[in-house]
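Asks: only the shape, not the letters, is given here:
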């Protein structure tokens, strides 16, 4: 069993190079299963199956899962924070730089080029996500309907809830799974410990409400986004875009796209864009509040569901609802791709840059290299 400090610093070191989102799961497995034997391979694979059925960024959730299995709730928190801390610090630095220098001509060229790269990244995410999700005409129809509803201005949260309910009715072929592990009494005791955590969150939100109502509104918005972000970090983008740009009007599409681009430059999940949003809206306090809020619900769901998952995954209703939710996110990603496409002033150079970036991503080129090379080209040619 690892010490708490060993868990924290091991995931902190890994978090410094956590580029590629879900691709980091393999590195976490290598560290926690093969090198240190903190969990066995069967337990780790159970965790991978579980995190794909609950909201949150996949790699972050796996880090917390390993900590939970190794050292309980405290270990889960240390692993989670250690893995995400480098991304938060770097994004905060970049957000400060962005706010102070975005009127400089070279910086303008840089972010004009990065907008094009973001379109390619989101389009590639749409392709990858749909390839693993859309397996029948039912999923395709539900995805198309979700995109149309989102385009018509209906809240994405209502779309997701509706998709879950539709999935229960529509996907009757989804069979329940046989649990691969047993439900231990110690997991039952853990449930009692977990029951106090929502009370701590409620107390924090209450204190924030009386301290600063604007930060309270920012926190509740990010909490809601993360709670509905099934399917990994990219699933949060349509929700964040809708709330920040369309509902709140805190920034325009271009600025939000710049934040998404910075989220790809930094290690960690793309939902670290919340740090960028929080800083531009309410400074350092906003960055801290937004970051804590965007990661808290999925963390609470993980540690709550883990002791119950072997029972939950035997429910056909749960599996049907999950299929509906994932299908709706294909539609939401399609909507975001179109929106981002329409907000780029396309010309020959931008078109060629976008096609080259998309081709590279489809050929599995590391997204960090695509972003960095795209940034260099943008500054040289003056996009």
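Replies: Arrived safely. For clarity, every value in this text was computed on a predicted model and none was experimentally measured.

Asks: next, name the residue at the spatial heart of this structure.
Replies: With distances taken as C-alpha atoms, centre = their mean, the residue of the chain nearest its centroid is residue 233 (1.7 Å).

Asks: what is the burial count for residue 195?
Replies: As a burial measure, residue 195 scores 10 neighbours (other C-beta atoms under 10 Å). Quick note: C-beta positions are derived from backbone N, CA and C, even for glycine.

Asks: quick check: the residue nearest to the centre of the chain touching residue 55?
Replies: No - using C-beta atoms under 8 Å, residue 233 makes no contact with residue 55, being 10.3 Å away.

Asks: and residue 76, what is it in contact with?
Replies: 64-65, 67-68, 299, 302-303 (C-beta atoms under 8 Å, 6 or more residues apart in numbering).

Asks: roughly how far does residue 86 sit from residue 14?
Replies: Distance from residue 86 to residue 14, counting by C-beta to C-beta, to the nearest Å: 9 Å.

Asks: just residue 197 next, same as before
Replies: Using C-beta to C-beta, we find residue 197 at a distance of 25 Å from residue 14.

Asks: neighbour-wise, which of these two wins?
Replies: Between residue 197 and residue 14, counted using other C-beta under 10 Å, residue 14 has the larger neighbour count: 22 against 16.

Asks: the closest residue to residue 274 other than its chain neighbours sits in which helix or strand?
Replies: Spatial nearest neighbour of residue 274, excluding adjacent residues (C-beta to C-beta, 6 or more residues apart in numbering): residue 294 at 3.9 Å. Element membership for residue 294 (DSSP states H and E) is helix 273-305.

Asks: helices or strands up against that helix?
Replies: Here helix 273-305 touches helix 41-51, helix 58-101, helix 185-194, helix 197-211, helix 213-227, helix 236-241, helix 253-265, going by 3 or more C-beta pairs under 8 Å, 6 or more residues apart in numbering; DSSP states H and E.

Asks: any idea of the mean pLDDT in that helix?
Replies: Helix 273-305 shows an average pLDDT of 94 in the prediction.

Asks: again with stretch 366-380
Replies: Rounded mean pLDDT across stretch 366-380 is 81.

Asks: buried residues, that stretch. List them.
Replies: Neighbour counts over stretch 366-380 (16 or more other C-beta atoms under 10 Å) mark 367, 370-371, 373-375, 377-379 as buried.

Asks: nearest to residue 285 among those?
Replies: Closest to residue 285 out of these is residue 371 (28.4 Å), distances taken as C-beta to C-beta.

Asks: is the closest one in contact with residue 117, as I believe?
Replies: Yes - if you go by C-beta under 8 Å, residue 371 and residue 117 touch, sitting 5.7 Å apart.

Asks: where do the contact lists of these two overlap?
Replies: Residues touching both residue 371 and residue 117 by C-beta under 8 Å, 6+ apart: 261, 264.

Asks: separation between residue 94 and residue 114?
Replies: Taking C-beta to C-beta as the measure, residue 94 falls 12 Å from residue 114.

Asks: of those two, who's got more company?
Replies: It is residue 114, of residue 94 and residue 114, that has more neighbours when counted by other C-beta under 10 Å, with 24 against 20.

Asks: if you skip the residues just before and after it, what's nearest to the more buried one?
Replies: Closest to residue 114 by C-beta to C-beta, 6+ apart is residue 261, at 3.8 Å.

Asks: quick one on the thing from earlier: would CSV of the contacts of residue 76 with distance to residue 159 be doable?
Replies: Output for these, formatted as CSV (distance: C-beta to C-beta, whole Å):
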residue, distance to residue 159
64, 28
65, 28
67, 33
68, 31
299, 24
302, 24
303, 27
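
Asks: save these as CSV, and put in neighbour count too.
Replies: Output for these, formatted as CSV (neighbours: other C-beta atoms under 10 Å):
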residue, neighbour count
64, 30
65, 26
67, 31
68, 24
299, 23
302, 25
303, 22
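
Asks: closest one of the residues you listed to residue 339?
Replies: residue 299 (29.3 Å).

Asks: about what we covered before: looking at the helices and strands packed on helix 273-305, which is nearest to residue 362?
Replies: helix 253-265 (16.0 Å).

Asks: got a list of contacts for the closest one?
Replies: Applying C-beta under 8 Å, 6+ apart, the contact partners of helix 253-265 are 91, 94-95, 98, 102, 111, 114-115, 117-118, 121-122, 237, 240-241, 244-245, 251, 269-273, 276-277, 280, 339-340, 343, 367-368, 371-372, 375.

Asks: can you check stretch 204-224 too?
Replies: Stretch 204-224 has contacts (C-beta under 8 Å, 6+ apart) with 157, 239, 243-244, 248, 274, 278, 281-282, 285-286, 289-290, 292-294, 296-297.

Asks: cool, stretch 40-50 as well?
Replies: 25, 29, 32-33, 39, 62, 65-66, 69, 180-181, 302, 305-306, 309, 313.

Asks: could you pull up the mean pLDDT of stretch 9-26?
Replies: Confidence for stretch 9-26, expressed as mean pLDDT, is 76.

Asks: likewise for stretch 118-128?
Replies: Mean predicted confidence for stretch 118-128 is 83.

Asks: please apply the same query to stretch 89-108.
Replies: Rounded mean pLDDT across stretch 89-108 is 80.

Asks: cool, and stretch 239-248?
Replies: Mean predicted confidence for stretch 239-248 is 90.

Asks: I appreciate the help and will end here.
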